[in-house]
Each structure stands twice: as C-alpha cells, then as structure tokens.
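*Asks:* Could you look at this predicted model? Sequence included:
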Amino acid sequence: MKKMITVLWLTASGLVVNAQRIVTGTVVDETNAFPLQGAIITSIGNSEVVQTDAYGIFSIAVPDSVVTLVISYTGYEEKEVSATGVSLLKIPLERSGLRYDLGCKTIAHPGQAIIKTRFDAIRFSGQDY
C-alpha cells in the first residue's frame, strides 16, 4: 500500500511540474489591424516556436512557468508580451523605421514592359534597356 501511494504521489507531482497550457492569439499590423501571416512566436524559457497562419492566428503550448512570449516579423519591431494568466491575446506590431525601397519603376513600351532599378537593367525580348 505504501508503495502504491508513493507511485501515485510521484506521478501526480510529475504532472504538476509539467503542467502546460495553450495560449492562442492573433498578430496584426498596428496601423490597419490586418493579420500578419508568418509572424514568429517564441516562448521565453522554453524551446517552443510557432508561426501565425494566413489569418494571423497562432496557438502555442507553454508550461505554466513561461511568462513571456516574443513576437517577431520582418519589417516590424519585435515585441515581448506577458503570457501570465492569459489564454487569448491580440498582439499589434508596430512597423520598424527601416524602409525596403529599391527605387524600382515600370517602363511601358508598345508590346513590352521592363522593370528598371537604379542598380541594373533587365533584358526583355532580346533588347537591353
């Protein structure tokens, strides 16, 4: 009987130590509330990493000990959010100050079009532009 109680106690304490919860949320653009597909969600203190789907939605399993999630997305500021006592989050990300401007423009010619950048020209239909 004592052996059985010891086994039950060890099993129960193992469940308490490994208790997990599911945190679900949506990652959106702060200015227009559009969902951000492919944002990375990482739990601090755990190796769990997930990506948002086409609607900006994610679900991540985290232990009760995890209190912070880090959200990152190309062209946006990385953000840390508290995951303590929550199961549903809406996370707006702010665009970073970096601009990805290559200086491209489209030039149309009768029957053909080219795209020219300030670095190089593209060849279409056997002609250089």
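*Replies:* Arrived safely, thanks for sending. Numbering: from 1, shown residues only.
*Asks:* what comes up buried for the lengthiest strand in the chain?
*Replies:* Assignment by DSSP state E gives strand 20-29 as the longest strand of the chain. Neighbour-count burial for strand 20-29 flags Val23, Gly25, Thr26, Val27, Val28, Asp29 (criterion: 16 or more other C-beta atoms under 10 Å). Where you see a C-beta, it was placed from the backbone N, CA and C, and this is true even at glycine.
*Asks:* ok, now stretch 43-51?
*Replies:* Those would be Ser43, Glu48, Val50, for stretch 43-51 by 16+ other C-beta under 10 Å.
*Asks:* Looking at those residues, which is nearest Ser82?
*Replies:* Comparing these against Ser82 with C-beta to C-beta places Ser43 closest, at 11.9 Å.
*Asks:* Just to check, Ile60 is in contact with Ser47?
*Replies:* No - taking C-beta atoms under 8 Å as the definition, Ile60 is not a contact partner of Ser47, at 11.4 Å.
*Asks:* taking the buried residues of stretch 43-51 one by one, which sit in strands?
*Replies:* Using DSSP E, the buried residues of stretch 43-51 in strands are Ser43, Val50.
*Asks:* Closest one to Val86 out of the buried residues of stretch 43-51, please.
*Replies:* Nearest member of the buried residues of stretch 43-51 to Val86, counting by C-beta to C-beta, is Ser43, at 12.9 Å.
*Asks:* Distance check, that closest one against Leu93.
*Replies:* In this structure, Ser43 and Leu93 are 17 Å apart, going by C-beta to C-beta, to the nearest Å.
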